[in-house]
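Q: Build the 3D model from these lines:
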Amino acid sequence: MSKCEQCIVREFSSLKALNKEELVKLAECKTSRLVKKGEVIFEEGENVNGIFCVKDGVCKLTKLSPNGKDHIVKLVTKGELLGQRSMISEEPVNLSAVALEDMQVCFIPKSEIMGFFDKNNQFSMNVMRTICGDLKESDDLVVNMAQKTVKQRLAETLIYLQDTFGKNEDDSLKIQLTRDELASMIGTATESCIRLLSDFNKLGLIELKAKKITLKNIPQLKKMA
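A: Take a look at the predicted model:
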């Protein structure tokens, strides 16, 4: 793993506010690890005592519902930080993080991060802005679940997946979610999600090839969303 001051990924997170001296200090205390696809980074209710910086890969943040099913709250990609809110509130994490593909993450202890809060105002502001952004996303999610139909949420999610994670050379969505995971994101049963995907396919909005999904009519999907 490279030194923190040489890491381009930090420019996408709150860590971009740290000066060279602080980054050197950060590099001395962080631990780096490889996370395999399907591996849990942390579980809901766990005391993490620090933050994770995602250097490469994608993970899902999930919340366990009363009926025992996981609901995907957010997808996190490289450059983002995990565990900021629970570190500041001094509470256990309220979500689980699971790798959707092989990942590289760096763990930074709470003691080191909180020291930057006291000395670097810009860093503190960046963290606060990120947390505020997460709260806004949560508000939007609640509104979508309450006011939009499952069909609208599926169309919106497919567009989000392409805009955020890109396409393969064959134009299929780069990030491959299982039908269970896609259903979890839009808040419906897996069977309903499969049926809607089949409907979208028949309407020419998307193309299904095994596990791959290709968006064929983005303007219509946007109109539907």
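Q: need the helices for the chain, in chain order.
A: Here the chain has its helices, by DSSP state H, at 20-29, 84-89, 110-119, 121-147, 150-165, 179-186, 190-202, 218-224.
Q: Of all these, which one is nearest residue 14?
A: Nearest of the helices of the chain to residue 14, taken as Cβ to Cβ: helix 121-147 at 3.7 Å. C-betas here are computed from N, CA, C, even on glycine.
Q: which regions of this structure sit below the pLDDT cut-off?
A: 1-6, 8-12 (pLDDT under 70).
Q: deepest of the helices of the chain, which one?
A: The highest average neighbour count among those, using mean count of other Cβ atoms under 10 Å, belongs to helix 179-186 at a mean of 20.
Q: Do I have it right that residue 46 meets residue 93?
A: Yes. With contact defined as Cβ atoms under 8 Å, residue 46 reaches residue 93; the gap is 5.6 Å.
Q: ok, the two, which is more surrounded?
A: Between residue 46 and residue 93, counting by other Cβ atoms under 10 Å, residue 93 is the more crowded of the two (20 against 15).
Q: ok, now which ones touch the more buried one?
A: 42, 43, 44, 45, 46, 47, 48, 83, 86 (Cβ atoms under 8 Å, 6 or more residues apart in numbering).
Q: now those residues: which count as buried?
A: With burial judged by 16 or more other Cβ atoms under 10 Å, the buried subset of these is 42, 48, 83, 86.
Q: what's near enough to touch the last one?
A: What it means is residue 86. Residue 86 touches 48, 92, 93, 94, counting by Cβ under 8 Å, 6+ apart.
Q: and what of residue 95?
A: Contacts of residue 95 were listed using Cβ under 8 Å, 6+ apart, and they are 44, 61, 62, 63, 73.
Q: Residue 162 too?
A: By Cβ under 8 Å, 6+ apart, residue 162 lies in contact with 173, 215, 218.
Q: change it to 7 Å
A: For residue 162, the contact set (Cβ atoms under 7 Å, 6 or more residues apart in numbering) comprises 173, 215.
Q: For it, give its distance to residue 216.
A: Residue 162 sits 11 Å away from residue 216, going by Cβ to Cβ, to the nearest Å.
Q: And residue 123, by the same measure?
A: Applying Cβ to Cβ, the value for residue 123 to residue 216 is 44 Å.
Q: residues near residue 211, how many?
A: Around residue 211 there are 11 residues (other Cβ under 10 Å).
Q: ok, it to residue 188 distance?
A: 19 Å.
Q: Count residues in the vicinity of residue 16, would you?
A: A count of neighbours around residue 16, defined by other Cβ under 10 Å, yields 13.
Q: now residue 59
A: For residue 59, using other Cβ under 10 Å, the count is 26.
Q: again with residue 82
A: Residue 82 has 23 nearby residues by other Cβ under 10 Å.
Q: got it, and residue 170?
A: 8.
Q: Could you report the separation of it from residue 212?
A: Using Cβ to Cβ, residue 170 is found at 8 Å from residue 212.
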